[in-house]
Structures are given as structure tokens and as C-alpha cells.
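Trainee: prediction below, plus the sequence it came from.
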Amino acid sequence: MSDIQLNRRAFGRLLAAGAGAAALSACGSRGTPGPDTPLRISAINHVWSQAVRQRLPEFEETIGRRVSMQLLTADQLASSYNVKLNASATDIDVMMVRALQEQLLFARNGWLADLTGLVEGDAAFDWADFQEAPRDRSITRGKVLSVPVVTERPALYYRKDLVSSPPATLDALREEAFRLTSRDLFGYVGRGQRSGAVTQWSSFLYSFGGDFTTADGGSGIGSPEAVAAYRFYGELLDRAGPPGATNMSLEQAMPIFAQGKAAFYIDADAIYSNFLDPTISTVREQVGFAPFPAGPAGSKPHNIPSWSVGINAFSLLRDDAWRFIQWISGPRMVTELQAAGIPGARASAWADPATLAAFPAELAESMRINAANGIGHDRPEVIQVGRARDIVGRPLVAGIIGQDVAPVAAEAHAEFADFLVRDNRQQEF
Amino acid sequence: MNRTLWTALRALAITVVCLIIAMPVVWMIAAAFKTNVQVTDPTVGLVFSPTLENFRTVLADGEIVRSLGNSALVGIVSTVLSALIAVPAAWAVGRFRMHSTGSLVLVARIVPAISLLVPWYYLFAQLGLVGSYTVLVLSHMFVSVPLILWIMIGFFEGLPIELEEAGHVDGLTAFGAFRRIALPLAAPGTATASVLAFIFSWNNFMFALILSDEDTKTMPVTLFNFISYASTDWGGLMAAATLMTLPVLVAAVLGQKYLVAGLTAGATKG
């Protein structure tokens, strides 16, 4: 018996020693990437990423290093960052991030490298050439933490065969949508999901004269303007929208318009190609594009950096990661990508008529107007964006299902005010 | 009369349940043969002119084929290694009443997998294993070993001990009795447990999402290539999902006899 115990103990020691030796030897090799170590890019599965992937051989030749690009959905990308960067991962070098959704949190956690010196120190990169709204959103606590690569505004998609000209005001949109609603056609389709709808609703909110927060940082969703915007959006989807609209985000709403079952649709201009693709759309001959209609406060759509690129603070290949950002967000590549139909953030690219030729003329004009009027955020600018969107989205759902919006908005306003106090405390870093 | 009514009701209930279970699979297979316009058009049901374009696109995509290979490799290796460890362990737990040890192993099934990922990732990153097949096999074994162990414990406990005792009388050692008597008799149980472990591994998404890289990623992660920011290629997605389902479906159908025998064998003693 004592022999068995001795053996077990000896085995345990052997195992511990083996594991320790393996860990130590592995630690010893950490921190020195070899020439074969690839530059790793984590990105959203987006037309931008697909276009970049096709052009990677050019960049690989320049740096003499293989580039590995992982494409994921937005949720998976966020989960992947949360798990990996919590463990100080070094196998991500370039990170694609949503500046408005994640940057504040990532900055607080120290996950994004400071790019201020790099972007401002390179004259050829021309940081001042980036549009003001997206550029401002790349800066957290005075540090540039990301560089915007894809921008987004809302567009009004409409059926040219049903209306002679697009509605210029929100009132006209509502009137036309109600008039066109029938058994076979929805007058309007749009996002109705509690959290998913908030970003598109933001343009309605601004055009009614409201905002998510007030000038002193309090909740703005209880203001008369916000309540009017909630009421308008809810009524539009309730009376002219498809059944089950509260379950609809981009993935559900977009096919309804593409199938020719709705007269109007407001969503991101980045998705326009879906309506021109014959394998997805039955309305490619009939679809028209227009700027966001004016509300009581004018036409105030959002103009946001939907996707940006940053460098993982734990990356061992920071120099090559910066060279990638220089290459992909430099004036030449942004112009090239925009000419291929992917809207970027550089003012020089937007001023170049050749880059707009890739878009349908009506859409290019609508993008230009929306960019000029655009507001630089489409969701509350807080650390816990997901929670904030849940709170802000509740009165939207109430409106869509035909409930009285005012009491729900008042409740949400109180909850949002408490939330902002707590969130502000977390922002002290 | 009553009996006929009951039989009819039972048949109806079985049909309804089968339909509910089969509908998503039928929809998936039908969608794989549709264009994207047809998939998103609710007026197009099961009557449409089919296209093979989705399968052509999917099979021409080297990444899909590579991911199917990765899934098969990780699934087979993790299942075989898990069975090699868990089957003898289950015999030992069952025969020598080591149930507290067995319960300890079960902790692996109780702890939510997501809570393991951060420490695992940290540990494997330190060892330089992230992105390798080794880490995927090890992580899948973490779940497969308890699964096989607990299915097989019941199985071995159900085998009459007299058979092994007869072997001892004829000169077999304890391990010899396991190898020559218990193991062959436990073949249906081993098959059941292995098929279930393989299905778990084949479908596992979370471990592969975090621990694999572009070269080693498995099919559940690759499926998301069809879902992009602004659009979803439903036809391609369903074709790839159909291809992914086929091997498991074939394995389940072929192993059905063993599966049923294995699942019920551990349920009674004697």
C-alpha cells in the first residue's frame, strides 16, 4: 500500500515538474515573433474586409510577412476580443472595431494601442483629411485609438414605380406610406427590434430636435422631441409596417424591401448593393435612393464610422500592424476602395467625382448630402452601449405595438438617467 | 373502438412530433436548392425549380472543404482518444465503486464552457498551442471524456460480474477480464458514446471560435462566412449546413442499431 502511495506521489511530482518545464520553456519563447509569424488581422465579414483580403498579396510583398485575416460576424468578433484580450492575447495584431460601440470599453481596459503619434507624425498619411465626425469618434481621452475605414449614413430607399418623387419630409413619408399600405404591400419597412432599431431611429430623433443625452450629460430620451420621434417611428411601423416588426433588424427588414413587398425603407447606405443584386433583389429596376427626409428640426441623419481599425496593445508586431493601417487607410487605398463602392472616411475621396461614379447617381448625391448634415453618433456614447440601447429601445417597441409611448418613455428616461450616472462613474479612468 | 381511437391518436401525435422535428431539416435542404430570392420569399414553399448553384459555389470554396476536413480530423481524434481514456476508466469506476471519482469528472460537464475559455486561452497561449489541432482536440476531449465515461459506467454496471469472475477462474487478470470479456460486450455502448461524442465535437462552435485560427478552423465557424455585415447568403449557408449535417446523419443512421441497443443497455441491470 505504501508503495502505491509513493508511486502516486512520485507520479504527481513528475507531472507537476513536466507541466512547469513546459510552461517555462513556452514562456521563454514568448515575445519574440519570428519571420514566419503572420500578421494577424481580426475583422468583420464585410465587403470592406473582402476587398482588403483580395489586395493582401500587395501588402505582404511590401512587409515580407504573411498576413492572416480572420473574418467573423460582429457578435463573434466582440466575444473573441473579450475572451482573448482578457488573457492579454498576442495573436491579434490589427483589430477591426466599432468606434461607437466598443472603443470606450476597450480604452478603459487598455486593449487599444495609442496611435496619436503615428497618425499625426506621418504627413503622407494626412490625418486631417479624415472627415471631422468620424475622426472625432476615433479619439478617446485625447488619444487616437482607431482609424475609421468604413462610414455609414441612413438612406431612404423607395420604389420609383410607386411614387413620382421621394418624400422630402418625414410628414410626407408618413402620408405616402399610409396611402400605399395595402394587403399586398407594406408602406414602410424598417428595423423594429428593441436594441437593433436604435441606430436607425437616431436619425429620426435628431431630425425631431432631440438627442440621446442632454448637453450636461443627462438623459435626453424623455424630452418632448424624443417622445415625438418615438411616437412617429412607432406609428409608422405599426400602421404601415409588416407584422412582427419588433423582431426585425437589418437581416429581416432588408429582404422585405428587396422582395418588392414594401414601398419605403430607411437603413444604412452601405447595404445598397443588395437591392441591385439580381440574386437577392426583385426591385433592382425600381429602387430609388434619397437623402434622409427632413423632420421639424430639418434633415439630421447620422454620419458615423461604422468600422475602424486599431492595434492590439499586446501585439508583438505593432510596427507591421501600423504599416497595415497606413496602407489600408491611406489616401490611395481609400480612394480605390471607395471607387469600388465602399464608402470611406477621407474628405479627399468624397471630393473626387471618380470615387462617386461607383455608386448610383441618386445614392451618391444622397450620401453627399447626408454626410454634410451628418451627426457623428448613432447610439448613446457610453461604456455599456448594449445596456443603453436596451433602455432606449423600449419605448420604440411600445410605439410599434400600438401602446401609448409617453409613459414608457418617461420610465425609460428615469432608468436611462440612473444608468448614465453609473456609466459615467465607470468612465473615470 | 376505444383501442382504435387511441391508436389513431397516437399515430397523429407521433406524426405531429416528427413533422415538428423534421421541418427545420426539410427547410434547410429545400433552401439549399433555392436561389436567395426564393429563400426569402415566403410564397415559395416546397414547389420550385431547384438549382445546384449553391452546392457548386460551396464545393468550389477551398475553405469549406478544408474546414470539413478539420472538423473530421478533430472529431475523430478527440473521440478516439476520449474513448481510449474514458472506457477503461468507466469500467474501473463501475467495477470498483469509485463513484466519487466519477462525480469529480462530471464537474467538467457542469461548469459552463464559456467560463473555461479565458483561462484555457491564457494557458494554451503561454504554451504556444493556440491555433493548433492539439488545442482543439484537448478542449473537445474535456467534454467528450465525461460524456463517454458516464454513458459507459451504466453500461459496465449492467454487465453480469459473473462473466468476469469466470475469466478470473480461467486465469485472467483483472485487466485481462476487462479487455477480453467486458470490452467486447460493451461494444454497442462504446459505439453509442463515441457517436454522441463525435456529434458534440462536430457541432462545437465556441471552442473553435476562440482556439482555432484560419488554417485549423472547423465547419461550425466557417458556416458564418455566409453571414456578412450587410447580407446573408442563405442559399450558400443552407448548402454548407446540409453538407455539414450529412456525415452525422449517415453515421447516426448506420449506427442506429448500436445506438438504440447502447442507449437502453445501461438502463437496467442483470
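Mentor: Cool, got the structure. Fair warning: this is a prediction, and the values are worked out from it, not measured in the lab.

Trainee: secondary structure class of the most centrally placed residue in chain A, three-state.
Mentor: Nearest to the mean C-alpha position of chain A, by CA atoms, centre = their mean, lies A:Ser306 at 3.4 Å. Judged by DSSP: H, G, I helix; E, B strand; the rest coil, the three-state class of A:Ser306 is strand.

Trainee: looking at it, it is touching A:Ala268, isn't it?
Mentor: Yes: with contacts counted by CB atoms under 8 Å, A:Ser306 reaches A:Ala268, the gap being 7.4 Å. C-beta here means a position set from N, CA and C on the backbone, and glycine is covered the same way.

Trainee: re earlier: which residues touch the residue nearest to the centre of chain A?
Mentor: Listed by CB atoms under 8 Å, 6 or more residues apart in numbering or on different chains, the contact partners of A:Ser306 are A:98, A:150-152, A:268, A:270.

Trainee: the residues you listed in strands, which ones?
Mentor: Cross-referencing those with the strands (criterion: DSSP state E) gives A:150-152, A:268 as the overlap.

Trainee: hmm, back to that, got the confidence number for the residue nearest to the centre of chain A?
Mentor: Looking at A:Ser306, its pLDDT is 92.

Trainee: and what of the one 4 residues further on?
Mentor: According to the model's per-residue confidence, A:Gly310 sits at a pLDDT of 97.

Trainee: what do you get for the one 10 residues further on?
Mentor: A:Asp320 carries a pLDDT value of 96.

Trainee: ok, now B:Tyr258?
Mentor: In this prediction, B:Tyr258 carries a pLDDT score of 68.

Trainee: check B:Asn225 too.
Mentor: Predicted confidence (pLDDT) at B:Asn225: the value is 87.

Trainee: give me the three-state assignment for it.
Mentor: At B:Asn225, secondary structure determined by three-state DSSP is helix.

Trainee: hang on, the earlier thing: who wins on neighbours among the contacts of A:Ser306?
Mentor: Of all the contacts of A:Ser306, A:Thr151 has the most neighbours under the rule other CB atoms under 10 Å in any protein chain shown, reaching 28 neighbours.

Trainee: hey, what's that residue bridged with?
Mentor: Taking DSSP bridges, one obtains A:Pro305 as the residues bridged to A:Thr151.

Trainee: what does chain B put close to chain A?
Mentor: Proximity of chain B to chain A, by CB under 8 Å from any CB of the partner chain, involves residues B:35-37, B:40-41, B:117-119, B:121-122, B:125-128, B:130-131, B:209-210, B:213-214, B:224-225, B:227-232.

Trainee: nearest to A:Lys300 among the contacts of A:Ser306?
Mentor: Comparing the contacts of A:Ser306 against A:Lys300 with CB to CB picks out A:Glu152 as the nearest, at 15.2 Å.

Trainee: and that closest one, what is it in contact with?
Mentor: With the criterion set at CB under 8 Å, 6+ apart, A:Glu152 makes contact with A:268-270, A:302-304, A:306, A:343, A:378.

Trainee: and with 10 Å instead?
Mentor: Taking CB atoms under 10 Å, 6 or more residues apart in numbering or on different chains as the criterion, A:Glu152 is in contact with A:134, A:199, A:267-271, A:301-307, A:343, A:367, A:370, A:374, A:378, B:229-230.

Trainee: could you do B:Arg180 as well?
Mentor: Contacts for B:Arg180 (CB under 10 Å, 6+ apart) come out as B:164, B:167, B:170, B:172-173.

Trainee: show me where chain A has strands.
Mentor: A:39-44, A:67-72, A:94-97, A:139-140, A:143-144, A:147-152, A:154-159, A:186-189, A:262-268, A:287-290, A:304-311.

Trainee: pLDDT (mean, whole number) over the third one?
Mentor: Just to be clear, that refers to strand A:94-97. Strand A:94-97 carries an average pLDDT of 96.

Trainee: check stretch B:124-136 too.
Mentor: Mean pLDDT, stretch B:124-136: 91.

Trainee: using PDB, write out every CA atom in it.
Mentor: Backbone C-alpha positions of stretch B:124-136 (Å, rounded to 0.1, in the frame of the first residue of the first chain) are rendered in PDB as follows:
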ATOM      1  CA  PHE B 124      -2.600  27.500 -24.300                       C
ATOM      2  CA  ALA B 125      -1.300  30.800 -25.500                       C
ATOM      3  CA  GLN B 126       1.500  30.600 -23.000                       C
ATOM      4  CA  LEU B 127       2.300  27.100 -24.300                       C
ATOM      5  CA  GLY B 128       2.100  28.400 -27.900                       C
ATOM      6  CA  LEU B 129      -0.700  26.000 -28.800                       C
ATOM      7  CA  VAL B 130      -3.500  28.300 -29.800                       C
ATOM      8  CA  GLY B 131      -4.500  27.800 -33.400                       C
ATOM      9  CA  SER B 132      -3.200  24.200 -33.400                       C
ATOM     10  CA  TYR B 133      -5.100  21.000 -33.800                       C
ATOM     11  CA  THR B 134      -3.700  19.800 -30.400                       C
ATOM     12  CA  VAL B 135      -5.600  22.500 -28.500                       C
ATOM     13  CA  LEU B 136      -8.900  21.800 -30.400                       C
END
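
Trainee: would you quantify the distance from A:Gly192 to chain B?
Mentor: Here A:Gly192 is placed at a distance of 17 Å from chain B (CB to the nearest CB, to the nearest Å).

Trainee: who in the stretch 251-400 of chain A is up against chain B?
Mentor: Among all residues of the stretch 251-400 of chain A, those adjacent to chain B (criterion: CB under 10 Å from any CB of the partner chain) are A:251-252, A:254-256, A:258-261, A:267-268, A:270-274, A:277-282, A:306-307.

Trainee: might you list the low-confidence residue ranges for the stretch 1-150 of chain A?
Mentor: The stretch 1-150 of chain A contains residues with pLDDT under 70 at A:1-31.
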